[in-house]
Structure formats: C-alpha cells, structure tokens
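K.L.:
compute the structure for the input listed below.
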Amino acid sequence: MAFVGVNGVDVDRRGRVYAAGGEDNAILVFAPDGTFLRAWGKGLIQDKHQVRIFGDKVYVADTGLHQVYEFNLDGKLLREFGTRGKAGEGKNEFNKPTDIAIGPDGDFFITDGYGNRRVVRLAPDGSFRLAWGTEGSGPGQFVDPHNIVIDKAGHVYVADRGNDRIQVFTPDGRFLRQWTNVGKPYGLFLTPDETLFVSDGNPKGPNRILVLDLDGNLLAQFGSTGQAPGQFDVPHSLALDADKNLYVAEVNNKRLQKFTLGTAQKPLAQ
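P.N.:
Reported below is the predicted structural model:
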C-alpha cells in the first residue's frame, strides 16, 4: 500500500498504526510489523492532516472541509466538529484545523489552524467554550498553530510552527511561557510519563526529532535531512507506542519510519 505523503500518525492500544497518508485522503491501518490491514475515510475526508487516538476513538483533522471527525477504530464516523465545507470563526466553525487534543476533564482543544490562527476549546459534548489567539508573533498569537498536546495538569502546548516556537498556556488560554529551542516544530507527542517528542521539519534543515522535558530542557535529538533510514524530509507528525517504539510520519519522503532504542528500522511503506 503506497503513501501519497504522510501527514499524521498514531497508535492504538493494540499497537496498530494509523496513518493519514493514503490515496483519496484515506486513513491507512497497519499491524505493528508493518503489514497493511485496511483503509478507510475515502469520500469523507477531503484533506487529511493529523490523526490522533484517545481511548477507542480516532480523530482526524480535515483542513479542506474545515472539520475534525471522530471515528471508532474501524472507521465508522461517530461525530463531526465544525460546519462541513464552511470556513469561519463562529461557535461551530473552523478555518483549516490542524490537530486536536483532549484535556484531563474531557474538553477538546483544536488548533485552528492555517486560517484562523487560534485554539478552540470545546466541551465533551462538542459545544463551544472559548477560543484564543490571533495572527502574530506576540505571546498568545500564532502563525500556523500546527500540533497540540495537554499534560496531566491541563497545561496546553501548541507547536506554533510559523513562529519557530512552542507556546504553553493554561486551559483558559492564559499564556505561561514559550520555548524557542525547538527549530520549526511540526509535530508534538506527549508520553504518559510526560516526555515531549517534537518533530522539527524546517525545510532548510536540519530535519530532526527532539526530546524535551516539560521545563523545555533538551534531553536528546537525532536525525538529519535526507532519504536514508534515520534521516527525514519534513517529519510532520510522530507517535510513541506502549513498547516505546517511535513512529515518524514524513511528507516529502512519503513514508513512516519506526525507531526502537534509537535505531532506525525499515520504512513501513513508501
């Protein structure tokens, strides 16, 4: 099964890998060993961007139709957030949303995104709570808010890609701090022990993976620009499974790479 460019990746509790990268914007599902299992989402998703798994639900951001979808693990559509095909700033509108996270209280946080340059917070039933952010480079402003994760305390971490930084907020959008030692952050993944993995996809290089603690200290990094195993060309998203295998989704190399204990494995598909 060929990729057309992989924007998103996540792993379910059974170790199955879900990649936003198939033809016709399909989500591709693989076994842990890379065996292709199934594809779904064709005809519904117009422009797949990110895929996240929380519990037994799969969430996909669609920048083309300005929506975020909730699916079960088999690809059955359960809910839609946003008004299909309509870009806007209303209470049920987005403009090219890029990612979604769920807070400790069950609220949804959506980076919205390439158009609106803000974060939207929704209640568990999908109703609008609040939004924050405008276009700019000041605290609480964004240029291409691209990925979002939330720690156990409820702090919200946003990959502010266009400003070459990660910003950290309270759940109500109050700015806390920023980190500028992260290159051009495309993807964020926060592990259960609250280690933060960041994909630095700067087209000018280096293309690399960073590992940080929640004080913003750099713990490790690896990778360079290229096509060989362990190299990257726009690492867009990343995820870690329960066995501490790291999956990195690449746009330009049109593949997933799997890493175990720092050793690059063969791409899952390309």
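K.L.:
quick one: low-confidence parts of this structure?
P.N.:
1, 261-270 (pLDDT under 70).
K.L.:
try it again at 90.
P.N.:
Scanning the chain for pLDDT under 90 picks out the ranges 1-2, 203-206, 260-270.
K.L.:
for it, what spans make up the helices?
P.N.:
Ranges of helices in the chain, per DSSP state H: none exist.
K.L.:
quick one: contacts for residue 179?
P.N.:
Residues in contact with residue 179 (CB atoms under 8 Å, 6 or more residues apart in numbering) are 165, 166, 168, 212, 216. Bear in mind the C-beta positions are built from the backbone N, C-alpha and C, glycine included.
K.L.:
bridging residues for it?
P.N.:
Beta-bridge pairing of residue 179 under DSSP bridges involves residue 166.
K.L.:
I'd say residue 248 and residue 207 touch.
P.N.:
No. In this structure residue 248 lies outside contact range of residue 207 using CB atoms under 8 Å: 9.8 Å.
K.L.:
which neighbours do the two share?
P.N.:
With CB under 8 Å, 6+ apart, residue 248 and residue 207 have common neighbours 232, 235.
K.L.:
picking up where we left off before, export the contacts of residue 179 to a markdown table and tack on distance to residue 235?
P.N.:
Output for those, formatted as a markdown table (distance: CB to CB, whole Å):
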| residue | distance to residue 235 |
| --- | --- |
| 165 | 17 |
| 166 | 15 |
| 168 | 22 |
| 212 | 15 |
| 216 | 20 |
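K.L.:
and those residues, which are buried?
P.N.:
165, 166, 168, 212, 216 (16 or more other CB atoms under 10 Å).
K.L.:
what's the farthest-apart pair in those?
P.N.:
Across the buried ones among the contacts of residue 179, no pair lies farther apart than 165 and 212, at 12.5 Å, counting by CB to CB.
K.L.:
joint contacts of those two?
P.N.:
Joint contacts of residue 165 and residue 212 (CB under 8 Å, 6+ apart) are 179, 182.
K.L.:
what's the closest of the buried ones among the contacts of residue 179 to residue 84?
P.N.:
Nearest member of the buried ones among the contacts of residue 179 to residue 84, counting by CB to CB, is residue 166, at 30.9 Å.
K.L.:
quick check: that closest one touching residue 185?
P.N.:
Yes. Residue 166 is in contact with residue 185 according to CB under 8 Å; the separation is 5.6 Å.
K.L.:
list the residues that contact both of these two?
P.N.:
Shared contacts of residue 166 and residue 185, defined by CB under 8 Å, 6+ apart, comprise 159, 160, 198.
K.L.:
include distance to residue 94 and neighbour count when you put those into JSON lines, please.
P.N.:
Formatted as JSON lines, these follow (distance: CB to CB, whole Å; neighbours: other CB atoms under 10 Å):
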{"residue": "159", "distance to residue 94": "17", "neighbour count": "29"}
{"residue": "160", "distance to residue 94": "17", "neighbour count": "28"}
{"residue": "198", "distance to residue 94": "24", "neighbour count": "29"}
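K.L.:
could you dump these to a markdown table with distance to residue 26?
P.N.:
What follows is these, written out as a markdown table (distance: CB to CB, whole Å):
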| residue | distance to residue 26 |
| --- | --- |
| 159 | 25 |
| 160 | 29 |
| 198 | 27 |
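K.L.:
any idea how far residue 124 is from residue 19?
P.N.:
In this structure, residue 124 and residue 19 are 27 Å apart, going by CB to CB, to the nearest Å.
K.L.:
which of these two has more neighbours?
P.N.:
residue 19 (28 against 11; other CB atoms under 10 Å).
K.L.:
for that one, give the beta-bridge partners.
P.N.:
With DSSP bridges as the rule, residue 19 is bridged to residue 9, residue 28.
K.L.:
make 13 the first number, not 1, from now on.
P.N.:
New numbering, starting at 13: the last item is residue 31.
K.L.:
so it touches residue 21, yeah?
P.N.:
Yes. Between residue 31 and residue 21 a contact is recorded at 5.1 Å, counting by CB under 8 Å.
K.L.:
now do the shared contacts for these two.
P.N.:
By CB under 8 Å, 6+ apart, the residues touching both residue 31 and residue 21 are 63, 261, 268.
K.L.:
of the residues you listed - the most surrounded one?
P.N.:
Going by other CB under 10 Å, residue 261 tops the shared contacts of residue 31 and residue 21 with 33 neighbours.
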